[in-house]
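**Student:** pasting the sequence and the predicted model now:
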2 protein chains.
Amino acid sequence: MAQLLRVQNFTVSSDGIGAGAGDEQSLERPFGRVDPGELFSWAGATASWPNRTDAGGSRGLDDYFTRDFAHNIGAEIMGRNKFGPQRGPWQDHAWQGWWGDEPPFHTPVFVMTHHTRPSFTLSDTTFHFVDGDPATVLEQARGAAQGKDVRLGGGVSVIREFLDADLVDTLHVAVSPVKLGSGVRLWESPDELLDRFHLDVVPSPSGVTHHLFWRR
Amino acid sequence: MAQLLRVQNFTVSSDGIGAGAGDEQSLERPFGRVDPGELFSWAGATASWPNRTDAGGSRGLDDYFTRDFAHNIGAEIMGRNKFGPQRGPWQDHAWQGWWGDEPPFHTPVFVMTHHTRPSFTLSDTTFHFVDGDPATVLEQARGAAQGKDVRLGGGVSVIREFLDADLVDTLHVAVSPVKLGSGVRLWESPDELLDRFHLDVVPSPSGVTHHLFWRR
């Protein structure tokens, strides 16, 4: 069985924007000007949302996507801006990501950065810092994934880099009905990918439209 | 976390029929007059279909359902007619189901029958034969599921029994565009369940319409 590279539950606005511009990011605003609560409300309403603390939540279409997040995933690749708001050389290694003592990954995570630092482990997630091109980092992540697939966690610029290198096998992008106007943009239109991918467009009763791409 | 009772990937015709009448079933025709290949073609076309032997198959909407089949499932409950075509007391115990040496369940399976027989194991699936009402059988299956959910595998009459006893937490029913006219019927209309369940109706590009019910 091939080890796929999969984008899972990545959410953009109706105009294709995944986060505010990079220089808007701060400790308090991981998505810059963009309110992640608004963008991700479709996922937060489901029973399988990892941060849910009560027994409620919907178990319809959107829940299939939140519960598939970790299905057969053995490693994640993310960009440095997903890991934290720091830029340039690390001042120290105190920052360990946004996720507290129990990160929601439960696998090795490869953070792409030109400024490497030692790996560390929080609960069952180990963060590695790697400086390399997409193909090299993917090879490392596959090696760590124990035969399972690799999730490409974003943000936008990392997904675009891997798309440009033609390394992505499947993408699930939820398009939210919110319009943002500016920020980092995944696409002008999902049709840009149709030369290389099949596409199922699936509107959800929650208001988002799931876009499911798989390689032709 | 509660242990749910879930119907997964159950397929009926546009007029709600899941199989031919019980007396049509035979060794050669597990679904009686109904052609399962026609009813299940949506699932057979996906990359995650368990019987697939090549590397192809779609990875869009329908694939989410086929790959969710075993997700967090620790046991299955099925009716005797799903297990085999025999009726009444067992003449012998040579029959071990339709599935060969590698049944696709990979968990304990509880076959509901008034004619019990000794349990047996094929690969990582153990079949138990139990005579009891739905609540009692569900309790046994939950005990065997090691904290995971229980799948209600069908056929139609078993699903109806558990619905009547109000024991079902979620149902995924794929409605195929094929009309059958007669056979065992799950419903006249999916609306019959709306007093007790939320419903997402999700048309797939493949032609089936996924119906996702979860308890109110």
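**Tutor:** Received, thanks.
**Student:** not counting sequence-adjacent ones, nearest residue to the most centrally placed residue in chain A?
**Tutor:** Closest residue to the average C-alpha location of chain A: A:G153 at 2.6 Å, with CA atoms, centre = their mean. If you skip the residues right next to it in sequence, A:G153 has A:M78 as its closest partner in space, 4.0 Å away by CB to CB, 6 or more residues apart in numbering or on different chains. To be clear about C-beta, it is placed using only N, CA and C from the backbone, and glycine gets the same treatment.
**Student:** so who does that neighbour touch?
**Tutor:** Residues in contact with A:M78 (CB atoms under 8 Å, 6 or more residues apart in numbering or on different chains) are A:109-112, A:153-155, A:158.
**Student:** and for A:G20?
**Tutor:** Counted by CB under 8 Å, 6+ apart, A:G20 has contacts A:29, A:31-34, A:182-184.
**Student:** quick one on the thing from earlier: the residue nearest to A:G153 bridge partners, please.
**Tutor:** Here A:M78 sits in beta bridges with A:V111, A:G154, as judged by DSSP bridges.
**Student:** about what we covered before: report the two of the contacts of A:G20 separated the most.
**Tutor:** A:R29 and A:S182 (14.7 Å; CB to CB).
**Student:** show the backbone phi and psi for the residue nearest to A:H93 when sequence neighbours are not counted.
**Tutor:** Sequence neighbours aside, A:R117 is the residue nearest to A:H93 in space, at 5.6 Å (criterion: CB to CB, 6+ apart). According to degrees, to the nearest 10, the main-chain angles of A:R117 amount to phi -150, psi 170.
**Student:** for A:R117, give me the pLDDT.
**Tutor:** Looking at A:R117, its pLDDT stands at 97.
**Student:** surely it touches A:F129?
**Tutor:** Yes. Between A:R117 and A:F129 there is a contact under CB atoms under 8 Å: 5.0 Å.
**Student:** who has more neighbours out of those two?
**Tutor:** A direct count of neighbours by other CB atoms under 10 Å in any protein chain shown for A:R117 and A:F129 places A:F129 higher, at 20 against 15.
**Student:** which stretches of chain A form helices?
**Tutor:** Using DSSP state H, the helices of chain A run over A:36-39, A:41-44, A:61-68, A:80-83, A:134-144, A:156-164.
**Student:** looking at those helices, which is nearest to A:V201?
**Tutor:** Nearest of the helices of chain A (CB to CB): helix A:61-68, 13.0 Å.
**Student:** returning to that earlier point: reformat the helices of chain A into JSON lines and put mean pLDDT next to each item.
**Tutor:** Converted to JSON lines, the helices of chain A look like this (pLDDT from 0 to 100):
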{"stretch": "helix A:36-39", "mean pLDDT": "86"}
{"stretch": "helix A:41-44", "mean pLDDT": "94"}
{"stretch": "helix A:61-68", "mean pLDDT": "97"}
{"stretch": "helix A:80-83", "mean pLDDT": "94"}
{"stretch": "helix A:134-144", "mean pLDDT": "98"}
{"stretch": "helix A:156-164", "mean pLDDT": "97"}
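**Student:** format these as a markdown table; extra columns: distance to B:W49 and mean neighbour count.
**Tutor:** Output for the helices of chain A, formatted as a markdown table (distance: least, CB to CB, whole Å; neighbours: other CB atoms under 10 Å in any protein chain shown):
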| stretch | distance to B:W49 | mean neighbour count |
| --- | --- | --- |
| helix A:36-39 | 33 | 14 |
| helix A:41-44 | 27 | 19 |
| helix A:61-68 | 16 | 23 |
| helix A:80-83 | 34 | 21 |
| helix A:134-144 | 24 | 17 |
| helix A:156-164 | 27 | 19 |
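**Student:** B:L199 is nearest to which of the ones you listed?
**Tutor:** Closest among the helices of chain A, using CB to CB: helix A:61-68, at 10.6 Å.
**Student:** is that closest one anywhere near chain B?
**Tutor:** Yes. Legend: contact between helix A:61-68 and chain B by CB under 8 Å from any CB of the partner chain is shown at A:61, A:63-65, A:67-68.
**Student:** which residues in chain A form strands?
**Tutor:** A:5-12, A:17-19, A:73-79, A:108-112, A:120-122, A:125-130, A:149-154, A:170-175, A:184-185, A:197-203, A:209-215 (DSSP state E).
**Student:** for B:R142, which of those is the nearest?
**Tutor:** strand A:73-79 (27.6 Å).
**Student:** got the CA positions of the closest one in CSV?
**Tutor:** Output in CSV follows, covering the C-alpha atoms of strand A:73-79 (Å, rounded to 0.1, in the frame of the first residue of the first chain):
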residue,chain,number,x,y,z
ILE,A,73,-1.9,9.0,9.6
GLY,A,74,1.6,8.2,10.9
ALA,A,75,3.3,11.6,10.7
GLU,A,76,2.6,15.3,10.0
ILE,A,77,4.5,17.9,8.1
MET,A,78,3.9,21.6,9.0
GLY,A,79,5.3,25.0,8.3
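**Student:** so where is chain A shaky, pLDDT-wise?
**Tutor:** A:1 (pLDDT under 70).
**Student:** hmm, A:D15 is touching A:P177, no?
**Tutor:** No. Taking contacts as CB under 8 Å, A:D15 lies outside contact range of A:P177: 10.8 Å.
**Student:** and chain A, which residues reach chain B?
**Tutor:** So chain A meets chain B at A:2, A:47, A:55, A:58-61, A:63-65, A:67-68, A:71-72, A:169-170, A:198-200, A:202, A:204-205, A:210, A:212, A:214 (CB under 8 Å from any CB).
**Student:** who are the contact partners of A:H172?
**Tutor:** Contacts of A:H172 (CB under 8 Å, 6+ apart): A:6-10, A:65, A:210-213.
**Student:** ok, so of the residues you listed, who is nearest B:D191?
**Tutor:** A:H210 (24.8 Å).
**Student:** need the contact list for the closest one.
**Tutor:** Counted by CB under 8 Å, 6+ apart, A:H210 has contacts A:61, A:65, A:172-175, A:200-204, B:61.
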